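**Q** Give the three-dimensional model of this entry:
(chains A and B)
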Amino acid sequence: MSVKSIIISEINDVASEQNKIVAPLRDDLPLLDSGLDSLCFAILVSRLEDKLGIDPFTASDEVYFRVAFGDLVKFYEDAAK
Amino acid sequence: MPRNSSASLLDGLARRITLCSGDLPAEYFAPIAAAASAELIVTDREAEAFPGLDLPRVACGLPVAPREAPPRHCSTEWLLLTSGTTGVPKLVMHSLEGLTGAIAAVQGREERIVWATFYDMRRYGGLQIFLAASWARVRWFCRALLSPSPTTCCASRAGVTHLSGTPSHWRRALMSPAAGAIAPRYVRLSGEIADQALLDNLKRVYPRAAIGHAYASTEAGVGFEVTDGLEGFPASYLAREGDVRMKVVNGSLRIRSSRTASRYVGREDGAVADAEGFVDTGDMLELRGDRYYFVGRRGGIINVGGLKVHPEEVEAIINRQEGVRMSLVKARRNPITGAIIVADVVLTDEASAKLSGDDDRGIRKQILSTCRDQLPAHKVPASIRIVASLDVAEAGKLARNA
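**A** Here you go, the predicted model:
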């Protein structure tokens, strides 16, 4: 499974658990409009660390969150390389 | 107290006795000896085991030969070490009367009592039983039940009737095939929160035993015991008159009794209690209906995006579920919320046997889904890991900072 498809599958899992409706995950979708709240993102990052073995937020010095869904995917893809 | 008891052999012999358990790091010996003004070490270890400690050493070992009790010439200060998580443990001073009061009350007038305990006898929980040797036959230190596959069961051979330990001790004991080999009349839990799942389990395995969970800590001593088979304690306890007084201030339990420690030794501020004699236990309570429930330690709170979580309250929900033996909830750092909680879960043998191969997705999903039904979102673990066992520290409590 690609990094992107893992992220999509985890987002769908988290959203259904938290009773959120996810917007279609296009690359330019702003994460703030994705339908996920900050707790959902916190869970997502934690699960992706389990799945992919990386937490790019902690590994990098950048503290700000990615703006769009495509940026988030790229952030993880780069870290996974 | 009878003259032939182990307690009277020791009490009155020395002005002060400091008990150090076997797992105490060697670098703590010197500061503890200094704080306690120790003059002599009694040990079964070689002198090299005490680096930087220039004190006379009295070697001892098994078997200990019985001898005439020497005359008492002073009252002994019993110093116990706190089971703090980091740094040099604090020294907490007790008297013999304070240490033995609660166990004396349990013993009652029963004809033949054989006590056993999972506790290390140098800790508060074990020392009480050890000192109670004056009233009953006592086997302290019953580790056989705690090993995963004991070949013999010393508790059953000794005919143990009364058995004490922490909830973590008991969860491990229930996993042992030897658990069914004993038939205690009295089961006692203390030192950690006794949750309903464990109390129910003990009742099932030992249907004829009286099961009591006692509130006790090294500083506060034994506060009270709950024997109605339910977790928590009736709110009416706060109104009880008598030797033990309790109150709740800012959510934490405060206790005043003759069994609380008298002071810390070797510290500038030696006060254990406040001006009114109440010890702040740091154990947080929640009132639900007419009962108080322990939700965790004040220092153990996890902050999830500004919302508080006590690991113990989540563990209580997880432990209640079918197929779960015990669990450990802990914080994992998180870039979004600062921290998020995750859980390690030990399954019962039956539940483990039902797993197809290594696939534990089903049960993890089921546990999480029940958590979501019963807890607010920030208290639900982000993920659950099924593990074979959880570490229990020497003091018998779940190792929380591992």
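**Q** Quick check: B:Pro31 vs chain A, distance?
**A** 36 Å (C-beta to the nearest C-beta, to the nearest Å). All C-beta spots, glycine's among them, are computed from the backbone N, C-alpha and C.
**Q** Now do the contacts for that residue.
**A** Applying C-beta atoms under 8 Å, 6 or more residues apart in numbering or on different chains, we find B:Pro31 in contact with B:Val88.
**Q** Of all the residues in the one helix or strand B:Leu287 maps to, which ones are buried?
**A** When secondary structure is defined by DSSP states H and E, B:Leu287 falls within strand B:279-288. Under the neighbour-count criterion of 16 or more other C-beta atoms under 10 Å in any protein chain shown, strand B:279-288 has B:279-285 buried.
**Q** which helices and strands sit right next to the helix or strand of chain A with the lowest mean pLDDT?
**A** When the helices and strands of chain A are scored by mean pLDDT, DSSP states H and E, helix A:56-59 comes last with a mean of 77. Applying 3 or more C-beta pairs under 8 Å, 6 or more residues apart in numbering or on different chains; DSSP states H and E, we find helix A:56-59 packed against helix A:69-80.
**Q** So what touches the helix it packs on?
**A** Around helix A:69-80, the neighbours that count as contacts under C-beta under 8 Å, 6+ apart are A:3-4, A:7, A:25-31, A:34, A:48, A:52, A:54, A:56, A:59-60, A:66.
**Q** who does the strand holding B:Leu287 pair up with?
**A** According to DSSP bridges, strand B:279-288 forms sheet pairs with strand B:252-256 (antiparallel), strand B:291-297 (antiparallel).
**Q** What residues does chain A have near chain B?
**A** A:17-18, A:38-39, A:41-43, A:45-47, A:50, A:55, A:57-58, A:63, A:65 (C-beta under 8 Å from any C-beta of the partner chain).
**Q** Go ahead and confirm B:His94 touches B:Ala220.
**A** No - look at B:His94 against B:Ala220 with C-beta atoms under 8 Å: they stay out of range, at 11.0 Å.
**Q** between these two, which one's more packed in?
**A** B:Ala220 (28 against 24; other C-beta atoms under 10 Å in any protein chain shown).
**Q** Which residues are in contact with the more buried one?
**A** B:Ala220 makes contact with B:255, B:257, B:259-261, B:279, B:281, according to C-beta under 8 Å, 6+ apart.
**Q** if you skip the residues just before and after it, what's nearest to the closest residue to chain B within chain A?
**A** At 3.5 Å from chain B, A:Phe57 is the closest residue in chain A, using C-beta to the nearest C-beta. Spatially, and ignoring its direct neighbours in sequence, A:Phe57 is nearest to B:Pro335 (3.5 Å; C-beta to C-beta, 6 or more residues apart in numbering or on different chains).
**Q** how near is that neighbour to A:Leu31?
**A** Shown here: B:Pro335 relative to A:Leu31, a distance of 13 Å by C-beta to C-beta, to the nearest Å.
**Q** Helices along chain A, start to end?
**A** Listed in chain order, the helices of chain A (DSSP state H) span A:3-17, A:38-52, A:56-59, A:69-80.
**Q** Then chain B?
**A** Remark: helices assigned in chain B by DSSP H are B:6-10, B:29-35, B:96-107, B:124-131, B:154-157, B:167-175, B:196-205, B:311-319, B:349-354, B:361-374.
**Q** right, so those: which one is the most enclosed?
**A** helix B:124-131 (a mean of 26; mean count of other C-beta atoms under 10 Å in any protein chain shown).
**Q** CA atoms of that helix as CSV?
**A** Output in CSV follows, covering the C-alpha atoms of helix B:124-131 (Å, rounded to 0.1, in the frame of the first residue of the first chain):
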residue,chain,number,x,y,z
TYR,B,124,4.3,-0.8,54.0
GLY,B,125,1.9,-3.5,52.8
GLY,B,126,4.2,-6.4,53.6
LEU,B,127,5.5,-5.0,56.9
GLN,B,128,2.0,-4.8,58.3
ILE,B,129,1.6,-8.6,57.8
PHE,B,130,5.1,-9.3,59.0
LEU,B,131,4.5,-7.4,62.2
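**Q** Report the inter-axis angle for it versus helix B:167-175.
**A** For the pair helix B:124-131 and helix B:167-175, the angle between their directions (axes from the mean of the first three to the mean of the last three C-alpha atoms, to 10 degrees) equals 70 degrees.
**Q** average model confidence for helix B:124-131?
**A** The average pLDDT for helix B:124-131 rounds to 81.
**Q** What are the contacting residues of stretch B:354-368?
**A** A:17, B:318, B:321, B:323-324, B:343, B:345, B:347, B:351, B:380-381, B:383-384, B:386.
**Q** please redo it, this time with the cut-off set to 6 Å
**A** Contact with stretch B:354-368 is made by B:321, B:384, B:386, as judged by C-beta atoms under 6 Å, 6 or more residues apart in numbering or on different chains.
**Q** low pLDDT regions in the chain?
**A** Let's take chain A. A:59-66 (pLDDT under 70).
**Q** Oops, wrong one, chain B.
**A** Scanning chain B for pLDDT under 70 picks out B:1-10, B:63-70, B:84-86, B:104-111, B:132-157, B:401-402.
**Q** mind saving the C-alpha coords of the least confident helix or strand of chain A as CSV?
**A** What follows is helix A:56-59, C-alpha atoms only, in CSV (Å, rounded to 0.1, in the frame of the first residue of the first chain):
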residue,chain,number,x,y,z
PRO,A,56,7.5,13.6,10.7
PHE,A,57,6.2,16.3,13.0
THR,A,58,8.5,15.3,15.8
ALA,A,59,11.3,14.5,13.5
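**Q** In it, which residues are buried?
**A** Within helix A:56-59, the residues that qualify as buried by neighbour count (16+ other C-beta under 10 Å) are A:56-57.
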